[in-house]
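Participant: Let's see this in three dimensions:
(one chain, ligands or ions: 1)
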Amino acid sequence: MRQPLVAGNWKMNGSRASIAELLGGLKAGIGQVTTAEVAVCAPAIYLADTRAQLDGTPVAWGGQDVSVHASGAYTGEIAGPMLADFGCRFVIIGHSERRAYHGESDQTVAEKFTAAQAAGLVPILCVGETLEEREQGITEQVVARQLDAVIAHCGLDAVGEGVIAYEPVWAIGTGKTATPEQAQEVHAFIRGRLAAVADKVRVLYGGSMNPKNAAELLAQADIDGGLIGGASLKADDFLAVCSAANR
Ligand code: 13P
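Facilitator: Got it, this is the predicted structure:
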């Protein structure tokens, strides 16, 4: 039985004040979440504040990206050991926004997956197709290519220690959610690809998941939780999504 995981991806949003308010609301309501593991992935500069507020609570925290290097002359980068130093449990790897706007290749993403695990972090590996790719009927090919690059570089056992997030690019921030059936189909494909570690790997759905559609998505056999963007910026909405995982 896989414990559901609901992780918030704040992306490049927030201020010290708004994050203090958000985390205050989250702490006040977290008791209503009985089943899911809950985490928030904060902009790196707010990790110290996030840690100060969440230490000792059931809510974990993480980063949104990690360098392939452990230290050195890489101006602007954040290393895995630095995230670990601030108590991060998770780090998002290969988000479509990083692939699209920062030119991250499948190979770079695979190297980041290894760097995260070397620092003791749990990578949340994002995969997913664009609208054009879905319309061309190559969703499974794209997702397979993204997954296989990480499996080839890190090995299947290492992938088994991580978390996968299926995030169809066309559903991110657009209000267009994949239907539960569309999402389930790709989740089942992903799990099939993970062969021997399939039973233990959590596969999250991400893309306009919100309090209205969360229950239906989370009811699917191969959807083990969510990676939540916009709806993770309001404590009540995020808590409602987390609670939808209660069994
Ligand atoms: P939205 O929930 O805002 O669509 O974002 C999803 C996402 O990209 C999470 O990583």
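Participant: Once you drop chain neighbours, what's closest to the residue of the chain found nearest the ligand?
Facilitator: Among the residues of the chain, residue 229 lies closest to the ligand, at 2.2 Å counting by C-beta to the nearest ligand atom. C-beta: built from backbone N, CA, C; applies to glycine. Closest residue to residue 229 apart from its sequence neighbours, by C-beta to C-beta, 6 or more residues apart in numbering: residue 9 at 5.3 Å.
Participant: Run through the residues that contact that neighbour.
Facilitator: Listed by C-beta atoms under 8 Å, 6 or more residues apart in numbering, the contact partners of residue 9 are 41, 64, 92, 95, 206, 227, 228, 229, 232.
Participant: So residue 210 sits against residue 236, correct?
Facilitator: No. Counting by C-beta atoms under 8 Å, residue 210 does not reach residue 236; the two are 11.3 Å apart.
Participant: Just want to know which of the two has more residues nearby.
Facilitator: Looking at residue 210 and residue 236 with other C-beta atoms under 10 Å, you find the greater number of neighbours at residue 210, namely 21 against 12.
Participant: List phi and psi for residue 51.
Facilitator: For residue 51, the backbone dihedrals are phi -60, psi -40 (criterion: degrees, to the nearest 10).
Participant: Now for the nearest residue to it once chain neighbours are set aside: which residues touch it?
Facilitator: The shortest distance from residue 51 to any residue other than its chain neighbours is 4.8 Å, reached at residue 87 (C-beta to C-beta, 6+ apart). Remark: with contacts taken as C-beta under 8 Å, 6+ apart, residue 87 is in contact with 51, 55, 61.
Participant: Show the subsequent helix or strand relative to the helix or strand bottoming out on mean pLDDT in the chain.
Facilitator: Ranking every helix and strand in the chain by mean pLDDT, DSSP states H and E puts helix 131-135 at the bottom, with a mean of 95. Following helix 131-135 in sequence order, the next helix or strand is helix 139-154 (DSSP states H and E).
Participant: now the following helix or strand past that following helix: mean pLDDT?
Facilitator: Beyond helix 139-154 on the C-terminal side, the first helix or strand identified by DSSP H and E is helix 156-160. Averaging pLDDT along helix 156-160 gives 97.
Participant: Can I get helix 156-160 in CSV, CA atoms only?
Facilitator: Below are the C-alpha coordinates for helix 156-160, written out as CSV (Å, rounded to 0.1, in the frame of the first residue of the first chain):
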residue,chain,number,x,y,z
LEU,A,156,15.8,1.0,-11.9
ASP,A,157,16.4,0.5,-8.1
ALA,A,158,17.3,4.2,-7.7
VAL,A,159,14.2,5.3,-9.6
GLY,A,160,12.3,3.0,-7.2
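Participant: next helix or strand past that helix?
Facilitator: Past helix 156-160, heading to the C-terminal end, the next element that is a helix or strand (DSSP H and E) is strand 163-166.
Participant: Report the mean confidence score over that next one.
Facilitator: Averaging the model's pLDDT scores along strand 163-166 yields 98.
Participant: Kindly format the C-alpha coordinates of it as PDB.
Facilitator: Once side chains and other backbone atoms are set aside, the C-alpha atoms of strand 163-166 remain, and they are given as PDB (Å, rounded to 0.1, in the frame of the first residue of the first chain):
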ATOM      1  CA  VAL A 163       8.700   9.800  -6.800                       C
ATOM      2  CA  ILE A 164       7.300  10.300 -10.300                       C
ATOM      3  CA  ALA A 165       5.000  13.200 -11.200                       C
ATOM      4  CA  TYR A 166       3.000  13.000 -14.400                       C
END
